[in-house]
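Undergrad: coords please:
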Amino acid sequence: MRGFLKFIKEQGVIGLAIGFILGSSIAKIVASLVNDIINPVIGIFLGNAKDLASAYIQIAGAKIMWGSFVNNAIDFFILAFIIYIAAKLLKLDQITSKK
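TA: Predicted structure coming up:
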């Protein structure tokens, strides 16, 4: 049992768990920002789309949902930027592996 507790303390498992929980919460907030605010605004500029996620091109019998793809790309880049900023603020980019 001592080895397990030592592993938890040294490897930062608790910090990792907290980061995972906070990360999933931030992902929900970013998804809401993209889906509920950014996409409808872009959809207004497109004119015919209710929002960006519903924009598509019809080719033969296939619907190519390019709006959904752009929606997910925007979501990814915003989330990646938030993680980048958090890593810089916490100085995680300066951590080196112990050898």
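Undergrad: pLDDT below threshold where in the chain?
TA: 7-15, 48-49, 92-99 (pLDDT under 70).
Undergrad: Look through it and tell me its longest helix.
TA: Ranked by number of residues, the top helix in the chain under DSSP state H is helix 66-89.
Undergrad: Can you give the contact residues for that helix?
TA: Contact with helix 66-89 is made by 23, 26-27, 30-31, 33-35, 38-39, 49, 51-57, 92-93, as judged by Cβ atoms under 8 Å, 6 or more residues apart in numbering. Just so you know, the C-beta spots here come from the backbone N, C-alpha and C atoms, and that holds for glycine as well.
Undergrad: which residues of the protein fall in helices?
TA: Under the criterion DSSP H, the chain contains helices at 2-11, 13-33, 39-46, 66-89.
Undergrad: Isn't Asp51 up against Asn39?
TA: Yes. If you go by Cβ atoms under 8 Å, Asp51 and Asn39 touch, sitting 4.2 Å apart.
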